[in-house]
Each structure stands twice: as C-alpha cells, then as structure tokens.
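Undergrad: Sequence and predicted structure below; questions after.
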Amino acid sequence: MGRRTAPPPISWLMQTALSRPQLISLAAGFTDNATLPVEISRKLLSRVLRSPRTGRPALQYGITAGETNLRRLTAQHLQKLDLGVTPYRRHKNQGQRHAAPPTHLSDRVMITGGSQQLLYMTLEALCDEGDIVLVEDPTYFVFLSILQSRGLRARSVRLERDGLDLAHLETILQRLKKSGELRRLKALYLISYFQNPTGVTTSFEKKRGVLKLLKKFERAAGHLIYLLEDAAYRELSFSGRADLPASQDARQRVPAIPPSALMVPGAAERVIYTGTYSKPYAPGVRVGFGLLPEPLFTAVQRIKGNHDFGTANLLQQLLASALETGLYDRHVAKIEKRYGQKALVMKRALAKHFPPNVEIWEAGGGLYFWARLPKNVPTGVKSKIFQTALKNDVLYVPGELCYADDPARKKPDHEMRISFGSASEKNIREGIKRLGLVLRKLL
Ligand SMILES: Cc1ncc(COP(=O)(O)O)c(C=O)c1O
C-alpha cells in the first residue's frame with residue numbers, strides 16, 4: 001500500500017498556499033480566518049479545565065467511540081438539523097445542560113479525528129482491494145485519493161444541478177449487474193450539501209430515489225449497498241443571508257435545506273452519515289462525527305480502536321461545551337452571514353472579470369464556486385492557464401483532480417474550483433481579477 005499510494009494533491013495545494021505568502025489561494029478548503037472562534041475557545045477551554053466534571057477527563061484518554069456527553073449532544077444536534085427543533089424533553093433532575101438522551105441514536109454516534117478519519121475507516125471496514133464505490137462526477141478529491149491508495153475502483157455517476165442523475169445511476173447498476181461485478185459494489189458516496197467541488201445540494205427526492213435504486217439492486221449484489229452521506233458543508237448555508245440586517249435572526253429567513261437521507265423512511269440501516277465540526281467551528285479543532293448502522297458501527301469502532309482508541313478528549317470537551325452553552329449556534333449564525341458576504345463579493349468579481357463564456361455554478365452555501373470553461377480549454381496542473389495563474393500568484397483547484405479514474409468516460413479537464421473560504425474580501429476581488437486577466441488573455 002505504501003508503494004501504491006500516490007502523493008495526495010491536497011498536501012501539495014496546502015503546502016503551496018502556506019509557503020508563498022504573496023500568493024492568493026482560492027484553492028484549499030480553508031475556512032475564514034478572521035472569524036475563527038478564538039475568544040470563544042479561550043473562554044470555553046477555561047470553563048472545561050476549571051470544572052471538576054470535565055477538567056481531568058479532558059486531559060485523560062477516553063472512550064474509543066467518543067466522549068459520552070458529546071455523543072449525546074451530537075445526536076441531538078443532528079436531530080435538530082433534520083427536524084428543526086430539539087425533540088427531546090429535558091430530564092427532570094438534570095437541569096439545563098442535559099437533554100434526555102436519545103439513547104438509540106447517540107449509541108450509534110461516533111466521534112472521530114475529523115470526518116476524514118471516518119470516511120477512511122468506513123472504507124477500511126467495508127471494502128476489500130478491487131471493490132467498487134460509486135461517486136459523484138465530480139467529487140471530493142481527497143476521497144478519491146483514499147480509493148486510489150486502497151486499490152478500490154470508482155464508478156462515476158453524472159451530477160445535475162439538484163444532485164445525481166438517477167437514470168445514469170440505474171444504467172451503471174444495470175451494467176455492473178450484467179458484468180457480474182455488482183457483488184463488488186459496496187457503497188455510493190454522496191456529498192449532499194453544497195457539494196465539494198460544485199456547490200450542488202442534493203434534493204430530498206433524489207436521496208429517496210438513490211436509496212430506492214440501491215435497495216433494488218441489493219438482492220443481485222448479495223449484500224446491502226450503503227449510502228455514505230457526507231454532510232461536511234451542511235451548516236454553511238447562507239443563501240440570502242448577506243443582505244439581512246444585523247438585528248434579524250438570520251436562520252429564520254433562509255429557505256430550508258433538505259433533510260438528510262436518514263429521514264428517508266426505512267433508510268436507517270443503509271445510510272452512513274458523516275458530519276464535521278471543522279467547517280462550522282474550527283478545522284484546527286478537527287473533530288468529526290458520524291451516525292453508523294449496525295453491524296458497521298461495531299466494525300468501525302474496532303478499527304478506530306486500532307487507529308487511535310479515541311479522539312483527543314480536550315477537543316471533544318471543548319466542542320461539548322460550545323454546544324451546551326449555545327455559543328456554537330451563535331458562532332454558526334455569525335459565519336453564515338460572513339460566508340454569504342464573501343460569496344457575494346466573489347459573485348460580483350466573477351461577473352466583472354471573467355469572460356462571458358465561462359459558466360459559473362454559484363453556491364448557496366459551502367465554500368466553493370465551480371467555473372466551467374469551454375470544453376477544449378484545459379485547466380489542469382500542467383495547463384497554460386494553471387501555470388500562468390500560478391506565475392501571477394493566484395491558485396485554484398483544477399477540476400480534473402475531482403474526477404475519478406473511470407474507464408466509462410474521458411476525464412473532463414476544463415473546470416476549476418474556486419473558494420471564497422479563507423481569502424479576505426480584498427483578496428477575493430484581487431484573486432478573481434488576476435484569474436480573469438489570465439483567462440481573458442488565454443481564452
Ligand atoms: C466533502 C468533504 N468531506 C470531508 C472533509 C473532511 O473534513 P474534516 O476531516 O475536517 O472533518 C472535507 C474537507 O475539506 C470535505 O470537503
């Protein structure tokens with residue numbers, strides 16, 4: 001495996017961004033620096049370390065699946081995201097801080113070192129070398145690196161503006177059945193909210209449709225085919241927020257985003273849900289979570305026992321404290337507005353500086369816009385556009401990195417992912433201007 005593993009593009013992109021201070025990076029998925037919760041974290045860490053309930057446990061090893069209180073709070077958080085309310089009555093004697101434990105749910109919650117660890121462990125648990133995973137076309141390039149490293153095969157399902165092309169999914173499943181390879185198919189990986197890299201959000205109808213199709217082919221596969229729902233950007237939803245007056249409760253005026261696939265009736269046993277506190281809170285804290293059905297929960301828990309036997313307790317206590325005090329929700333409301341504003345700045349700069357024959361997929365959340373150049377204009381690492389952009393100190397993610405190796409189609413190489421996450425508003429304007437100049441010159 002060591003010999004096979006190719007250098008992950010993520011490391012090179014991050015290294016380039018960090019080692020050239022004059023470079024404006026619209027590439028890596030870093031979050032907004034200015035709003036990182038420094039003050040909140042200082043206060044919360046002090047609270048955690050002062051309390052006899054949390055102080056020593058925070059500095060001790062913990063439980064493999066995660067700290068009990070954070071698992072419960074995470075289960076509650078997930079239910080709130082799906083149902084819009086906290087559905088649990090408080091325990092009579094436990095006061096404000098402890099909602100009645102949604103036992104069945106928190107038992108299946110696992111806390112991990114970023115959701116990246118959970119994605120990795122899930123593939124470790126499910127797949128043998130040569131197995132097949134379905135992915136969106138395009139998809140998250142670090143996920144593709146895991147597949148490459150573990151000797152897994154990807155089959156890509158076309159992506160439409162509201163999620164997967166269901167007819168194409170059915171065709172692929174039929175083809176796998178016909179070729180006798182369906183038994184090698186283990187899961188479909190879906191980034192369901194403000195997808196990385198395209199910004200697409202999958203409608204609830206499509207989630208229902210995907211699960212129906214997977215179920216239909218399970219008998220021929222001889223096992224469950226899991227839906228691995230990655231909701232990393234779910235809480236960065238901002239459409240319309242930038243224009244709201246500060247006094248408005250932003251959350252109330254925004255169109256609802258679809259519930260997770262967990263809400264599709266009968267789906268629970270075949271949905272693996274992964275989420276993260278990195279994007280909404282802080283990537284430096286790097287705590288992710290997931291909800292896994294049995295028998296997968298137990299398998300992944302054992303694997304995590306071998307990886308690290310538990311995520312850092314201090315970080316878990318910090319997040320538990322942020323959730324308990326409501327500071328987490330307040331912070332999310334704040335950054336949603338901030339990202340809304342930055343996305344607006346990028347949208348305006350794109351309209352001003354990019355040539356009109358570049359198609360822009362504008363996101364209503366997340367961190368990325370997706371730009372599609374004419375099909376015959378390459379944007380890859382070796383292309384003239386990428387190299388000239390780099391010379392002019394602006395970096396983007398070449399679209400080709402986000403496409404799986406799939407023998408059924410040629411890899412598109414005429415797109416770019418541009419992020420408004422970490423750059424300041426000034427740098428977004430300047431970066432898009434530089435990129436626009438390169439494009440106008442070379443197109
Ligand atoms: C789609 C997607 N999933 C998962 C992750 C991993 O995030 P983390 O490990 O910080 O939770 C990322 C990070 O950029 C991502 O873009």
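TA: That came in fine, so what should we check first? No experiment lies behind these values; they were computed from the predicted model shown.
Undergrad: which bits of this structure sit near the ligand?
TA: Applying C-beta under 6 Å from any ligand atom, we find that the chain lies next to the ligand at 29, 114-116, 140, 191, 196, 230, 232, 276, 278, 283, 286, 288. From N, CA and C alone the C-beta is placed, and that goes for glycine too.
Undergrad: in the chain, what residue is nearest the ligand?
TA: Gly114 (2.4 Å; C-beta to the nearest ligand atom).
Undergrad: Now for that residue: which residues touch it?
TA: Applying C-beta atoms under 8 Å, 6 or more residues apart in numbering to Gly114 gives the contacts 276, 278, 283, 286-288.
Undergrad: hmm, try it at 6 Å
TA: Gly114 sits next to 278, 286, 288 when contact means C-beta atoms under 6 Å, 6 or more residues apart in numbering.
Undergrad: who does the helix or strand encompassing Lys206 touch, helix- and strand-wise?
TA: Assigning secondary structure by DSSP states H and E places Lys206 in helix 204-216. When contacts are defined as 3 or more C-beta pairs under 6 Å, 6 or more residues apart in numbering; DSSP states H and E, helix 204-216 packs onto helix 166-178.
Undergrad: Could you give me the buried positions within the helix it packs on?
TA: 166, 169-170, 172-173, 176 (16 or more other C-beta atoms under 10 Å).
Undergrad: which residues are in contact with it?
TA: Contacts to helix 166-178, defined as C-beta under 6 Å, 6+ apart, come from residues 155, 157-158, 182, 185, 209, 213, 217, 220.
Undergrad: And for stretch 413-426?
TA: With C-beta under 6 Å, 6+ apart as the test, stretch 413-426 has contacts from 26, 29-31, 33, 197, 342-343, 345-346, 367-369, 371-373, 375, 377-380, 396-397, 399-400, 428, 431.
Undergrad: What are the boundaries of the strands in the stretch 101-250 of the chain?
TA: Remark: strands assigned in the stretch 101-250 of the chain by DSSP state E, counting those that start in this stretch are 109-112, 132-137, 153-160, 163-164, 185-191, 226-230.
Undergrad: Nearest to Phe204, out of these?
TA: Of all the strands of the stretch 101-250 of the chain, strand 163-164 sits nearest to Phe204, with 9.4 Å by C-beta to C-beta.
Undergrad: mind listing what that closest one pairs with, with the direction of each?
TA: Strand 163-164 has the following sheet partners, assigned by DSSP bridges: strand 153-160 (antiparallel).
Undergrad: burial count for Gly222?
TA: Residues lying near Gly222 (other C-beta atoms under 10 Å) number 8.
Undergrad: so what's it up against?
TA: Residues in contact with Gly222 (C-beta under 6 Å, 6+ apart) are Arg183.
Undergrad: Quick check: phi and psi at it.
TA: phi 90, psi 10 (degrees, to the nearest 10).
Undergrad: So for it, what's the pLDDT?
TA: In this model, Gly222 is scored at 97, pLDDT.
Undergrad: Show me where the stretch 301-443 of the chain has its strands.
TA: Counting by DSSP E, counting those that start in this stretch, the stretch 301-443 of the chain has strands at residues 359-361, 368-372, 394-395, 397-398, 415-419.
Undergrad: got the contact list for the third one?
TA: The set of residues that contact strand 394-395 without belonging to it, under C-beta under 6 Å, 6+ apart, is 23-25, 27, 431, 434-435.
Undergrad: Just the buried positions in the top helix by length along the chain, please.
TA: In the chain, taking DSSP state H as the definition, the longest helix is helix 327-353. Neighbour-count burial for helix 327-353, with 16+ other C-beta under 10 Å as criterion, is recorded at 327-329, 331-332, 335-347, 349-350, 353.
Undergrad: State the mean pLDDT of that helix.
TA: Helix 327-353 comes out at a mean pLDDT of 96.
Undergrad: Any idea what Tyr226 is bridged to?
TA: Under the criterion DSSP bridges, Tyr226 forms beta bridges with Ala187.
Undergrad: which ones are touching it?
TA: Contacts of Tyr226 (C-beta under 6 Å, 6+ apart): 187, 270, 272.
Undergrad: quick one: it from Arg338, how far?
TA: From Tyr226 over to Arg338 the distance is 35 Å, taken as C-beta to C-beta, to the nearest Å.
Undergrad: Just give the closest residue to the residue nearest the centre of the chain, not the sequence neighbours.
TA: The centre of the chain sits closest to Ala232, judged by C-alpha atoms, centre = their mean, with a distance of 2.7 Å. Spatial nearest neighbour of Ala232, excluding adjacent residues (C-beta to C-beta, 6 or more residues apart in numbering): Thr276 at 5.1 Å.
Undergrad: what number of residues lie near that neighbour?
TA: Using other C-beta under 10 Å: Thr276 sits among 25 other residues.
Undergrad: Now it. Its backbone dihedrals?
TA: The phi and psi torsions at Thr276 (degrees, to the nearest 10) take the values phi -150, psi 150.
Undergrad: Name whatever forms a beta bridge with it.
TA: Under the criterion used (DSSP bridges), Thr276 bridges to Gly288.
Undergrad: So it is in contact with Gln116, correct?
TA: No. Thr276 is beyond contact range of Gln116, at 8.3 Å (criterion: C-beta atoms under 6 Å).
Undergrad: And the pLDDT for the nearest residue to Thr68 once chain neighbours are set aside?
TA: Distance criterion C-beta to C-beta, 6+ apart; nearest residue to Thr68, sequence neighbours excluded, is Ser106 at 7.9 Å. Ser106 carries a pLDDT value of 93.
Undergrad: Provide a list of residues in contact with Ser106.
TA: Residues near Ser106 by C-beta under 6 Å, 6+ apart: 71-72, 75.
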